[in-house]
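J.: sequence? don't have it. structure:
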């Protein structure tokens, strides 16, 4: 009878309102409202909607979350993921196509490590749109501008946007060489 | 094709499983089968079947079509179709359903009401 232990699934038509605590992986395809506390991984599938204060170890968002997410390890918003709320986690991954509004706190970033990064990033970010804008007003330039704007709005330039943008540029260069 | 009907459709068709380490305090509602191995306090209302497995503990009022209890339930159970108390289950509360099955070995304390309002 006790079938698959260690994994919980909230089906599509299920609504849970209140508090949910647990020590196992949780997959949400339905709705959860209230508070959600896990010591393992939360996966919100594309049909899943979580309107809750979330505290987990890992969080993968392919559906929607409205509320603050605190993760002891990582938060990932996939390309289908939508989220409104603040994220506090040492690792935050936001994939291209994901939508997110809120603040991100990756904890105490080492100041000595952060400074050179800070110095180089805004320069690179500033030079890129300036170079692109006159020649070809590509949508990518706009995207990059938006990304830097988001980074500026969040108070500090967080790590994710810059690597994403750099990665895109690098890929482009490779394509040209071919 | 008969094999398909004989397959344990309710359990394998259940999309929702509340695992054994999960504690839910609040309300669960939905239109699909629900398997509970963990703890639920509050209220459960479903349009399908509820399975409370051996490790499941429920302190809630239940409103569903079918209930199958192998674990513990404290609270009133109302089912539009059937309530089944399996051996080794512990149920405290009132049960209201047109069909009620209590297996040998089940522990139950409460009222039973099989009266169908429509009348037979």
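T.: Sure thing, it's come through. Here the structure is a predicted model, which is why all the values come from computation and not from measurement.

J.: got the contact list for the closest residue to chain A within chain B?
T.: Of all residues in chain B, residue B:26 sits closest to chain A, at 1.1 Å by Cβ to the nearest Cβ. The way it works is simple: take the backbone N, C-alpha and C, and place the C-beta from them, glycine included. Taking Cβ atoms under 8 Å, 6 or more residues apart in numbering or on different chains as the contact definition, residue B:26 lies against A:16-20, A:34, B:41-43.

J.: same question for residue B:41.
T.: With Cβ under 8 Å, 6+ apart, residue B:41 has these contacts: B:23-26, B:58-60.

J.: after whichever strand or helix holds it comes which helix or strand?
T.: Element membership of residue B:41 [criterion: DSSP states H and E] is strand B:39-46. Going down the chain from strand B:39-46, the next helix or strand is strand B:49-52, by DSSP H and E.

J.: adjacent strands (with direction) for that next one?
T.: Next to strand B:49-52 in the sheet, as set by DSSP bridges, lie strand B:34-36 (parallel), strand B:57-69 (parallel).

J.: ok, residues contacting it?
T.: Residues contacting strand B:49-52 (Cβ under 8 Å, 6+ apart): B:10-11, B:14, B:33-36, B:44, B:58, B:62, B:64-73, B:89.

J.: show the buried residues in these.
T.: With burial judged by 16 or more other Cβ atoms under 10 Å in any protein chain shown, the buried subset of the contacts of strand B:49-52 is B:11, B:14, B:33-36, B:44, B:58, B:62, B:64, B:66-73, B:89.

J.: my guess is residue A:64 contacts residue A:48, does it?
T.: Yes: assessed by Cβ atoms under 8 Å, residue A:64 is found in contact with residue A:48 at 7.1 Å.

J.: chain A contacts on chain B?
T.: Counting by Cβ under 8 Å from any Cβ of the partner chain, chain B comes close to chain A at B:11, B:14-35, B:37-38, B:42, B:53-55, B:70.
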